[in-house]
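**Student:** Could you work out the structure for the sequence below:
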Amino acid sequence: MSVTEAEIRHVAALARLGLDAEQIPTIAAELNGILAHMESLSKVNTATLSAVTGVGTAGTPLRVDGGNQIPLARPREAFAPAMRDGFLIVPRLATHDDQESP
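**Tutor:** Numbering: from 1, shown residues only. Down below sits the predicted model:
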């Protein structure tokens, strides 16, 4: 499989990319090199290899979140203007404000 210069121009037009005419042969050569490498990789026989270790339907096991708490120099309430249910409440960023509200 190879990529033609016409296909590169077509995809560039679809993506609205501005390509110089002198860039197109270089891009075609690079893409064809990548495709040739992928083709050689697809010929590798992987039937005798075992599955990846540690990944499966159960996912990666998580460790227990434990350990000693490091004491703070000040109480948690001193770090934010308000707290609720043990969480710090901080002011909203102006960029996150509702654009429709005055």
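
**Student:** what about residue 83, which SS state?
**Tutor:** strand (DSSP: H, G, I helix; E, B strand; the rest coil).

**Student:** for it, what are its contacts?
**Tutor:** Residue 83 is in contact with 76-77, 89, counting by CB atoms under 8 Å, 6 or more residues apart in numbering. Every residue, glycine included, has its C-beta placed from N, CA and C.

**Student:** List just the nearest of the residues you listed to residue 29.
**Tutor:** Checking these against residue 29 by CB to CB gives residue 89 as the nearest, at 57.1 Å.

**Student:** For the closest one, name its beta-bridge partners.
**Tutor:** residue 82 (DSSP bridges).

**Student:** Surely it and residue 76 touch.
**Tutor:** No. Between residue 89 and residue 76 there is no contact under CB atoms under 8 Å: 11.7 Å.

**Student:** Excluding residues flanking it in the chain, which one is nearest residue 79?
**Tutor:** residue 88 (6.2 Å; CB to CB, 6 or more residues apart in numbering).

**Student:** Show me which parts of stretch 22-37 are buried, residue by residue.
**Tutor:** Buried positions in stretch 22-37, judged by neighbour count with 16 or more other CB atoms under 10 Å: 24, 28.

**Student:** before we move on, the earlier item: adding distance to residue 66 and pLDDT, write the contacts of residue 83 out as TSV.
**Tutor:** Output for the contacts of residue 83, formatted as TSV (distance: CB to CB, whole Å; pLDDT from 0 to 100):
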residue	distance to residue 66	pLDDT
76	20	78
77	25	78
89	27	83
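
**Student:** will you turn the residues you listed into JSON lines that also has neighbour count?
**Tutor:** Listed next are the contacts of residue 83 as JSON lines, based on neighbours: other CB atoms under 10 Å:
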{"residue": "76", "neighbour count": "11"}
{"residue": "77", "neighbour count": "10"}
{"residue": "89", "neighbour count": "10"}
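
**Student:** Many thanks, have a good one.
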